[in-house]
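S.K.: Quick one, fold the following:
(chains A, B, C and D)
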There are 4 protein chains.
Amino acid sequence: MTKKVRPKNSTLVVGLPGIGNVGRIAVRYLIDELKAKKFAYLYSPYFVPVVIVDEKSVAKTIKNEFYIYHGDRDFIFLTGDSQSMTPSGHYEINEMIIAFAKKMNVKEIITIGGFNSGEIKSNPKVIGVVNDEKLLKKYANCGMAFEGNKTISTIVGSAGLLVGMSKNVGIDAVSIIVETPGFPIAVADPKAAEAALNVVSKITGVGIDLTKLDKNVKLMEDSIKKTEELQKRIIENMKEDKNANQYIG
Amino acid sequence: MTKKVRPKNSTLVVGLPGIGNVGRIAVRYLIDELKAKKFAYLYSPYFVPVVIVDEKSVAKTIKNEFYIYHGDRDFIFLTGDSQSMTPSGHYEINEMIIAFAKKMNVKEIITIGGFNSGEIKSNPKVIGVVNDEKLLKKYANCGMAFEGNKTISTIVGSAGLLVGMSKNVGIDAVSIIVETPGFPIAVADPKAAEAALNVVSKITGVGIDLTKLDKNVKLMEDSIKKTEELQKRIIENMKEDKNANQYIG
Amino acid sequence: MTKKVRPKNSTLVVGLPGIGNVGRIAVRYLIDELKAKKFAYLYSPYFVPVVIVDEKSVAKTIKNEFYIYHGDRDFIFLTGDSQSMTPSGHYEINEMIIAFAKKMNVKEIITIGGFNSGEIKSNPKVIGVVNDEKLLKKYANCGMAFEGNKTISTIVGSAGLLVGMSKNVGIDAVSIIVETPGFPIAVADPKAAEAALNVVSKITGVGIDLTKLDKNVKLMEDSIKKTEELQKRIIENMKEDKNANQYIG
Amino acid sequence: MTKKVRPKNSTLVVGLPGIGNVGRIAVRYLIDELKAKKFAYLYSPYFVPVVIVDEKSVAKTIKNEFYIYHGDRDFIFLTGDSQSMTPSGHYEINEMIIAFAKKMNVKEIITIGGFNSGEIKSNPKVIGVVNDEKLLKKYANCGMAFEGNKTISTIVGSAGLLVGMSKNVGIDAVSIIVETPGFPIAVADPKAAEAALNVVSKITGVGIDLTKLDKNVKLMEDSIKKTEELQKRIIENMKEDKNANQYIG
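M.R.: Residues are numbered from 1 along each chain as shown, chains lettered A, B, ... in the order given. From the prediction side, this is the model:
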């Protein structure tokens, strides 16, 4: 935590790397649009053991970042470079996030993710999943289909775990899962992000100007295409490095 | 623990996911038939890091559940969604279960599992394994073959570890391992579950009406077939997600 | 620890599962010949999560066992079912063994292992490795070749780690590594075990009647052949079980 | 820590195993040339669970070693046999290194690594990466190209993590990453090491006589070729050992 903030009755919106990068793009756009302020970091030994070199030749460790926006109510945004590399790491990290949310008086968690449908659609389907039946009414007219487990029966990683685990500490939570054609992983799907943002806007009552999204995603896409190459290189480096580590001299 | 219960001289019956889902079906049927009450949960970072979406669009974390039934003696049932994903997690989880059993005055543990014989039989073989030689007499006429390590020489996971590890804390334990043809994993074998329940009935003296088993398993099979697809999807999602996690941007 | 023992100036002889099962056979034979008494167990979550069913239908958890023999000096023997399944588990387990050895006043550790030469020889080579140069003189005429790293440049697992790690706590240690043709893993090599026992006899001054070794190993071989099948089955079960664990219903 | 040292205002130079062994060769050469004294060890359960047998038949555990050289300012050198075998182990080990550096009054960390370009060049490219933009000026004329993330966008392991993580504790850090043709892993690249040493000399002002480097690397190459074979054998042994560990008898 780099800045002391004391949000009251806040909503946490989470978008971490995943299929189509739907959540990550959407939350990053929200942060930029609302000019939210960075106030805390999350580091974990369960992230990839690399640093990212930026355009100024500065190395940065992998992290997730919390941003705050003070509106009618307070919003905390969580986005970042990575999710856990190991199954049990997922549990540890998300438990930490929920403990932190509790401390930040979070009363509602909104997570954003994607699911592969294999089809390109101009109007992607948005599925809603909650952590308590009573929330179905609250989120009834926000543009999500609540269709049980017809299409999605499990949600992997933070988008799901944060919703499931927050139930035990009395925080309401909803996951917005948007259909995405299942491009190569590192490709961002702005259409899906737009659909998610429309739902977020309806849930929160915060107006979001989406006209810059396409342009922003286009800008991000350059960097995302680059990171796609990086990603391949990382995986290859990891393999080589793994061998290098086993080198005994 | 959601409800305070104080069982005395109780028997713990365990059926977790495994080959043919023998234990899981059998214990689930027992819970339904005896109208046992849920009273405690077991969560673990060693479970798959997903939530399960139910038919009402509610996300639930992976868990094991304890149920209680007060009869002539008390019965505790343990069943659930998952076993550990890692070898050392198996040890940790089963140690927790045994510590909890000790607290619940469990004097006897019965675990139910399956073994692949590759053959479809109308009368599946039931093999018994105990944690103390002196128990062979006690369980002599309950429909299990005690044939040493002729057919089964090792038992993987909870069905085995709970029996082996409970010895050190002075709890009697028996594992009922039923022959199953070795269908695809997620397929339930009601014949094997029936054979296990007959043994449980003889051990415990609790009469179990098995007439609804076939019907119930048929009902479960729909959901089990569905979960079989899920399972595949989870494994694929995990792969994708693993990559997504290594995505650096 | 099941029996209180207070050895003085004792020697620890270690033979755990490994290539050709050289150490395991040799130490098991020593225990039987010297009628050493079991006095302590070692359990670890890093062992395979299974129980072993014995010929009486009794399930036993995986463990390592310590035996004691009171002679002119005291001998502690360590053998067992398994080594660690994970790299870091190797370090943890061997650190525990060394701490226990320290408590048991162990002044000298002898480990026995095998190395694959790919050739069947009537007179297998025995290579010695110590944890301090000054020990070369002490072990000079015990039937080991001290040839630096010409043939063996690294030793994996307990046979090596116990020797390397004991240096830091001031315990002398030697590893007896015997050439073995590299049969399938679960096959025992009595010739190699015999060669190791000849060296142990020279080091310790304890006469060992080796006439029963061939017969004993033949007896063990039956069980070892059985366990070889088991091993395969375990590996397969683990695979299946791994899937079963990922089953979500 | 085997010797008490109290460096003031010291610089830590790190070269651990990696691509082309660039850092390892360079730092080893510095230690030999400057006759730096060994004063501390780093052990970790995340290293490969083996011992290394030396030319005198002495087994040594895997470790990293700290050396000290008292000049106009103090230099600490870190080199060793291995990096972590697991991702989270990387974080733990490098956190330990940084905590130790802090205790040793380290004000500047220089790490040396290699990157594969796939081309053999007489004049390999040297890329610099820092942990704070303000350092770009300081290192401007030391022979490194600061070109953002054009060629390198992520750095795996200690060479990167030490730079990224030291930022949080207020230590300046730079990573010298040298182009290397990407020979088989265990092959050392003296050309790349020479390029790195030229940069180190410019940064530190310490004159380094490089005339013996070629000869030394030739000497090291014999041992490195040997270790390359070893490496293969280790990987194979690990596989066998892994199976041996799963052997249940």
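
S.K.: Where does the prediction get shaky in chain A?
M.R.: A:182-187, A:219-249 (pLDDT under 70).

S.K.: Show me the strands in it, by range?
M.R.: Secondary structure of chain A (DSSP state E): strands at A:10-14, A:37-42, A:50-53, A:59-61, A:64-70, A:74-80, A:106-116, A:126-130, A:154-156, A:172-180.

S.K.: Quick one: those as TSV, columns for mean neighbour count and distance to chain C too.
M.R.: (C-beta placed from N, C-alpha, C; glycine too.) Formatted as TSV, the strands of chain A follow (neighbours: other Cβ atoms under 10 Å in any protein chain shown; distance: least, Cβ to the nearest Cβ, whole Å):
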stretch	mean neighbour count	distance to chain C
strand A:10-14	26	22
strand A:37-42	16	25
strand A:50-53	27	21
strand A:59-61	23	23
strand A:64-70	20	26
strand A:74-80	23	26
strand A:106-116	25	16
strand A:126-130	24	15
strand A:154-156	25	6
strand A:172-180	27	17
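
S.K.: Tell me how many other residues crowd A:D209.
M.R.: Neighbours of A:D209 under the rule other Cβ atoms under 10 Å in any protein chain shown: 9.

S.K.: residue contacts, it?
M.R.: Residues near A:D209 by Cβ atoms under 8 Å, 6 or more residues apart in numbering or on different chains: A:E33.

S.K.: one more time with 10 Å, if that's ok
M.R.: The contact partners of A:D209, by Cβ atoms under 10 Å, 6 or more residues apart in numbering or on different chains, come to A:29, A:33, A:201.

S.K.: Also A:N216?
M.R.: Counting by Cβ under 10 Å, 6+ apart, A:N216 touches A:25, A:28-29, A:32-33, A:190, A:193, A:210.

S.K.: so of these, which ones are in helices?
M.R.: Using DSSP state H, the subset of those located in helices is A:25, A:28-29, A:32-33, A:190, A:193.

S.K.: and those residues, which are buried?
M.R.: Among the ones in helices among the contacts of A:N216, those classed as buried by neighbour count (16 or more other Cβ atoms under 10 Å in any protein chain shown) are A:25, A:28-29, A:33, A:190, A:193.

S.K.: export those to CSV and tack on distance to chain D?
M.R.: Putting those into CSV (distance: Cβ to the nearest Cβ, whole Å) gives the following:
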residue, distance to chain D
A:I25, 20
A:R28, 19
A:Y29, 23
A:E33, 26
A:P190, 23
A:A193, 23
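
S.K.: Would you check which pair of the residues you listed lies furthest apart?
M.R.: Using Cβ to Cβ, those reach their maximum pairwise distance at A:E33 and A:P190, which is 14.1 Å.

S.K.: Could you check how many residues crowd around A:A140?
M.R.: Residues lying near A:A140 (other Cβ under 10 Å) number 10.

S.K.: From C:I155, how far out is it?
M.R.: Note on A:A140: its distance to C:I155, by Cβ to Cβ, to the nearest Å, is 66 Å.

S.K.: sorry, back to before: close to chain B as well: tell me which of the contacts of A:N216 qualify.
M.R.: Filtering the contacts of A:N216 for proximity to chain B (criterion: Cβ under 10 Å from any Cβ of the partner chain) leaves A:R28.

S.K.: Pick the one among the contacts of A:N216 closest to A:V58.
M.R.: Nearest to A:V58 out of these is A:R28 (Cβ to Cβ; 19.7 Å).

S.K.: wait, doesn't the closest one sit right on A:D81?
M.R.: No: using Cβ atoms under 10 Å, A:R28 is not in contact with A:D81; the gap is 11.6 Å.

S.K.: ok, the residue nearest to A:N64 when sequence neighbours are not counted to B:L210 distance?
M.R.: Nearest residue to A:N64 in three dimensions, chain neighbours excluded: A:G80, at 3.0 Å (Cβ to Cβ, 6 or more residues apart in numbering or on different chains). Counting by Cβ to Cβ, the gap from A:G80 to B:L210 is 53 Å.

S.K.: got it, and A:S10?
M.R.: For A:S10, the distance to B:L210 - Cβ to Cβ - is 54 Å.

S.K.: Enumerate every residue touching A:K8.
M.R.: A:70, A:73-74, A:104-105, A:107.

S.K.: swap in A:F66?
M.R.: Contacts here follow Cβ under 10 Å, 6+ apart; on that basis A:F66 touches A:1-3, A:5, A:12, A:14, A:36-42, A:76-80, A:97, A:100-101, A:104.

S.K.: Is there a neighbour count for A:K102? I'd like the number.
M.R.: With other Cβ under 10 Å as criterion, A:K102 counts 13.

S.K.: wait, doesn't it sit right on A:G170?
M.R.: Yes: the pair A:K102 and A:G170 qualifies as a contact (Cβ under 10 Å) at a distance of 8.8 Å.

S.K.: Would you enumerate the residues in contact with the most centrally placed residue in chain A?
M.R.: Closest residue to the average C-alpha location of chain A: A:G15 at 1.4 Å, with Cα atoms, centre = their mean. Residues in contact with A:G15 (Cβ under 10 Å, 6+ apart) are A:21-31, A:77-80, A:110-113, A:158-159, A:176, A:193, A:196, A:200.

S.K.: Any part of stretch A:52-62 near chain B?
M.R.: Yes: against chain B, stretch A:52-62 shows contacts by Cβ under 10 Å from any Cβ at A:52, A:62.

S.K.: could I get that stretch in CSV with only the CA atoms?
M.R.: Provided in CSV are the C-alpha atoms of stretch A:52-62 (Å, rounded to 0.1, in the frame of the first residue of the first chain):
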residue,chain,number,x,y,z
ILE,A,52,9.2,-6.9,-17.5
VAL,A,53,11.4,-4.4,-19.3
ASP,A,54,9.6,-1.2,-20.2
GLU,A,55,10.3,1.2,-23.1
LYS,A,56,12.7,3.2,-20.9
SER,A,57,14.9,0.1,-20.2
VAL,A,58,13.5,-0.1,-16.6
ALA,A,59,12.8,-3.6,-15.2
LYS,A,60,9.6,-4.0,-13.3
THR,A,61,8.6,-7.0,-11.2
ILE,A,62,5.3,-8.7,-12.0
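
S.K.: check whether that stretch contacts chain D.
M.R.: Yes: looking at stretch A:52-62 against chain D by Cβ under 10 Å from any Cβ, the contacts come from A:52-62.

S.K.: Now do the same contact list for the closest residue in space to A:G20 that isn't next to it in sequence.
M.R.: Counting by Cβ to Cβ, 6+ apart, the nearest residue to A:G20 once its immediate chain neighbours are dropped is A:T180, at 3.4 Å. Applying Cβ under 10 Å, 6+ apart to A:T180 gives the contacts A:18-22, A:113-121, A:124-125, A:187-189, A:191-193, A:195.

S.K.: In PyMOL, select just the buried ones from these.
M.R.: Burial among the contacts of A:T180 is assessed by 16+ other Cβ under 10 Å; the matching PyMOL selection reads:
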select buried, chain A and resi 18+19+20+21+22+113+114+115+116+124+125+188+189+191+192+193+195
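
S.K.: any idea how far the nearest residue to A:L135 once chain neighbours are set aside is from chain B?
M.R.: Take A:L135 and drop its neighbours on the chain: the residue closest to it by Cβ to Cβ, 6+ apart is A:D172, 5.7 Å away. Per Cβ to the nearest Cβ, to the nearest Å, A:D172 is found 12 Å from chain B.

S.K.: Which residues does A:D172 form beta bridges with?
M.R.: Per DSSP bridges, the residues bridged to A:D172 are A:E108.

S.K.: So it sits against A:A101, correct?
M.R.: No: checked against Cβ under 10 Å, the pair A:D172 and A:A101 is beyond contact range at 11.5 Å.

S.K.: hey, what's in contact with both of these two?
M.R.: A:11, A:107-109, A:166.

S.K.: Closest one to chain B out of the residues you listed, please.
M.R.: Closest approach between the shared contacts of A:D172 and A:A101 and chain B, by Cβ to the nearest Cβ: A:S166, at 9.8 Å.
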